[in-house]
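**Student:** Based on what follows, work out the 3D shape:
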Amino acid sequence: MNRIRFVKHIVGAALLAASAATFAGEVPFTQASFDQTVSSGRPAVVYLHASWCPTCRVQKPIVDRLSADPKLKQVTIFIADYDAEAKLKRELKVTQQSTFVVFKDGHEVARSTGQTQEATIRAVFEQAL
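**Tutor:** The predicted structure is shown next:
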């Protein structure tokens, strides 16, 4: 009985992960999910933010709106904590919070730092498509 329940949980977790990949939107950054998304060529944006950053506080509601936009539903937006993700910052050569790094077909195609205009941020995100 426990074995069947365990298998059901594993299958459920796999289905949940697959559905999250289908409907992208905002997800917390993890190295494994980021690596999987980029290596598969799916469109992605890494948003390095800090809770203490005034620019990031302006950007966050914009990012929330864009992640809900049907046109951008294929784009996975990884939300990464600027202060906690030292390895990611080195890997992406990011030196400032409020930075967006955009990936398409497994390669970086754009980046933006400090933008607070929704139209400009949308244009940056759309480069992932």
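**Student:** May I see the buried residues of the helix or strand hosting Gln36?
**Tutor:** Gln36 belongs to helix 31-39 when assigned by DSSP states H and E. Within helix 31-39, the residues that count as buried by 16 or more other C-beta atoms under 10 Å are 33-34, 37-38. To be clear about C-beta, it is placed using only N, CA and C from the backbone, and glycine gets the same treatment.
**Student:** Out of the residues you listed, which two sit at the greatest distance?
**Tutor:** Largest separation among the buried residues of helix 31-39 by C-beta to C-beta: Ser33 and Val38, giving 9.7 Å.
**Student:** Contacts only, for Ile121.
**Tutor:** By C-beta atoms under 8 Å, 6 or more residues apart in numbering, the residues touching Ile121 are 59, 62-63, 66, 100, 112, 115.
**Student:** Specify the local secondary structure of it.
**Tutor:** Assigned with DSSP: H, G, I helix; E, B strand; the rest coil, Ile121 falls in the helix class.
**Student:** What spatial separation is found between it and Ala50?
**Tutor:** Distance, Ile121 to Ala50, by C-beta to C-beta, to the nearest Å: 17 Å.
**Student:** quick one, strands of the protein?
**Tutor:** Assigned by DSSP state E, the chain shows strands spanning 25-28, 44-49, 76-81, 99-104, 107-113.
**Student:** Next, format those as TSV and append mean pLDDT and mean neighbour count.
**Tutor:** TSV is the format used below for these (pLDDT from 0 to 100; neighbours: other C-beta atoms under 10 Å):
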stretch	mean pLDDT	mean neighbour count
strand 25-28	93	15
strand 44-49	98	24
strand 76-81	98	21
strand 99-104	98	22
strand 107-113	98	14
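**Student:** Mind putting these into TSV with distance to Thr55?
**Tutor:** TSV is the format used below for those (distance: least, C-beta to C-beta, whole Å):
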stretch	distance to Thr55
strand 25-28	18
strand 44-49	9
strand 76-81	15
strand 99-104	10
strand 107-113	9
